[in-house]
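# Could you work out the structure for the sequence below:
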Amino acid sequence: MKKLLFSVVCLAVALGAAAQGEATKDGQNLDAKPKKVKVTPYGFVRNYFTYDSRETYTVVGDEYNMIPFDEKWNGTPEACRQAGVERMDMNAVPHTTFQALTTRFGLKLEGPDVLGASTSGKVEADFGGFGTTNTVLRLRLAFVKLTWSNNQGLRQELLAGQYWHPLSGDIMPEVLGMASGAPFRPHSRTPQLSYTLTTGNWGMTAAALYQLQYMYNGPQYNNGVWSSTASTDYAKQGLVPEVFLGVQYQGDHLYAQLGSTCQSLKPRTVGYKTVTIDGVQSTMAVPVKERLTSFTPTLYVQYTDGLFAAKCRALLAQNTSHVNQLNGYGVTDVLADGSWQYAPLKAAIGYLNLAYGHTYDLYNFGTKTAVRHLIFMKGGENFTGLNSVWRVAPSLSYNVKHFNMGLEYEWLETASLLNLFIAGAVDASVAMSFNEYYQFLQTGLIERDENLVFRFREHGYNIQEDGLYMTREEYDRNPERARKFARASQKGWEWVAHHPEEALQIVMKQVRSNHEATNPTLQRLMLQEILDLMECYESGEREYLLREDMFNQAVGLMLRGGIIRQEHSIKELLP
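Numbers count the residues shown, from 1 in each chain. The predicted structure is shown next:
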């Protein structure tokens, strides 16, 4: 296999070459000693003491605070009352940490002129790396920069190596927390090749960006199950780097930048589909051609005047998990060839930072195309129905020479669709009558009032929902087994309808053995609702067959909604 390797000449090479021989100009010796390399060490010791009022999604030894976990109740108010136990949110557990993982050291480098440009660079590290422990040495920055400038105010910079992502920038909000405003402020240092041109007050930046520590989330296949994980593979498979283009203005007091990223990744190169070979059904890996392209425009504005500073950044973010934001993408359709179609999650994200106070805000827009399958996002397994996040973080610090001491208070709050309804922020919310509806009731903040519940079946949308299906190939191989299974399922549900408490005991035995967070009261309510839903709305009888009129109505709704592209007949599902 042939490999084509492109290399950028690093500062160390340039400096090493400059230390040999004599400097020349136009092929003539200048008899001057070559410029020496200047190396300036720097660093600091930093200790963080943190107190969290509840379990939160954090990284780097709990110092990098992102977002609090969902509420996780041990039972409904009624269940806890009957059991005689205190009702508790099991994630409302405070904890403290005291660590020095982000103690930092580095080297600033200045070298001789190369190709008419001054040379500089930086190597920087701390102990917040990723590994089996949180004390792994981590490369933060490692870059070489060539700078050309003239007397007419034209300045050009070419940077190669690991540096701040353009969405992050090296201008931080004035906060004490290690997260530096994340997940509201994009946060990433990434391998890149960037070029900046400045003339007068105006400039432009172009960058090609790759990934190392900060990565996209995407699909991972393990033992027949797809899950979300962070990996550089999705960017590598895409072959093209993420691209940033921006323009900026620098005045005496005002700095502003407007730009956008474009990223194109391949979530998978291998898919899986069910096939039948020699009468045996199995799962086979198949090649797939998938790609997801997204854009994230951003505006950054900074104003300084004496001791006062105001900083503001806004993004219309798409799939920005690689810059430590609660964002990503989802699967919108599963095609017959085993490939998936995707859509990026969209969010309006921003922060406003003042010298004596801090406010951040994020609003999750979701996606333009409905995500009907998996979602791949940073920390997504910890949150359900996340709709918005906001944080207020006032801080006070004391500085004297090389010593800094500060205190910061973060008020971080999330709002799910459930919370928005309970808080009165929305007037109506869609809920499964045997699931989320009872979660509303569990809060104890709303009363059960059927006058405020609008059931779809009462408004012309009486459609069967969950059912058990099998492939035609499996049915043709063993039709009698299929019929026996259908009869056994019907008999089982009939037994449950006549023996609900015995059925509940069987379920709760499984719940306890698997340590599920539920209780008999909730399961009893859910069972009764499911049994009611199994009865025909018109006749009151339980039906165990797919009805053609309901099938046709569902097909019509999905056609109008763009979920399917062609009509289907119920005969396609019948023996």
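
# Please count neighbours and contacts with C-alpha atoms only from this point.
Will do.

# where do the helices sit along the stretch 201-350 of the chain?
For the stretch 201-350 of the chain, the helices defined by DSSP state H, counting those that start in this stretch occupy 233-238.

# What segments of it are strands?
Listed in chain order, the strands found in the stretch 201-350 of the chain under DSSP state E, counting those that start in this stretch are 202-209, 216-222, 225-231, 242-250, 254-265, 270-277, 280-287, 292-305, 308-318, 328-334, 340-344, 346-354.

# Turn the ones you listed into CSV, columns for mean pLDDT.
Converted to CSV, the strands of the stretch 201-350 of the chain look like this (pLDDT from 0 to 100):
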stretch, mean pLDDT
strand 202-209, 96
strand 216-222, 87
strand 225-231, 83
strand 242-250, 95
strand 254-265, 94
strand 270-277, 82
strand 280-287, 82
strand 292-305, 92
strand 308-318, 88
strand 328-334, 84
strand 340-344, 89
strand 346-354, 83
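
# possible to save those strands as TSV with distance to Val496 and mean neighbour count?
Putting the strands of the stretch 201-350 of the chain into TSV (distance: least, CA to CA, whole Å; neighbours: other CA atoms under 10 Å) gives the following:
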stretch	distance to Val496	mean neighbour count
strand 202-209	59	19
strand 216-222	35	20
strand 225-231	31	16
strand 242-250	56	19
strand 254-265	49	19
strand 270-277	34	13
strand 280-287	33	12
strand 292-305	46	17
strand 308-318	47	21
strand 328-334	35	21
strand 340-344	39	22
strand 346-354	44	23
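
# how about JSON lines for those, with distance to Thr76 added?
JSON lines is the format used below for the strands of the stretch 201-350 of the chain (distance: least, CA to CA, whole Å):
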{"stretch": "strand 202-209", "distance to Thr76": "49"}
{"stretch": "strand 216-222", "distance to Thr76": "35"}
{"stretch": "strand 225-231", "distance to Thr76": "30"}
{"stretch": "strand 242-250", "distance to Thr76": "48"}
{"stretch": "strand 254-265", "distance to Thr76": "44"}
{"stretch": "strand 270-277", "distance to Thr76": "41"}
{"stretch": "strand 280-287", "distance to Thr76": "42"}
{"stretch": "strand 292-305", "distance to Thr76": "42"}
{"stretch": "strand 308-318", "distance to Thr76": "37"}
{"stretch": "strand 328-334", "distance to Thr76": "32"}
{"stretch": "strand 340-344", "distance to Thr76": "36"}
{"stretch": "strand 346-354", "distance to Thr76": "33"}
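
# With respect to Asn65, which of the ones you listed lies nearest?
Within the strands of the stretch 201-350 of the chain, the stretch nearest Asn65 is strand 346-354; the backing value is 15.9 Å (CA to CA).

# Just the CA trace of that closest one, in PDB.
In PDB, the C-alpha atoms belonging to strand 346-354 read as follows (Å, rounded to 0.1, in the frame of the first residue of the first chain):
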ATOM      1  CA  LYS A 346     -29.100  23.000  15.400                       C
ATOM      2  CA  ALA A 347     -28.700  25.300  18.400                       C
ATOM      3  CA  ALA A 348     -28.400  29.000  19.000                       C
ATOM      4  CA  ILE A 349     -25.500  29.400  21.500                       C
ATOM      5  CA  GLY A 350     -23.900  32.400  22.900                       C
ATOM      6  CA  TYR A 351     -22.400  34.300  25.900                       C
ATOM      7  CA  LEU A 352     -22.100  37.800  27.200                       C
ATOM      8  CA  ASN A 353     -19.100  38.500  29.400                       C
ATOM      9  CA  LEU A 354     -18.700  41.700  31.500                       C
END
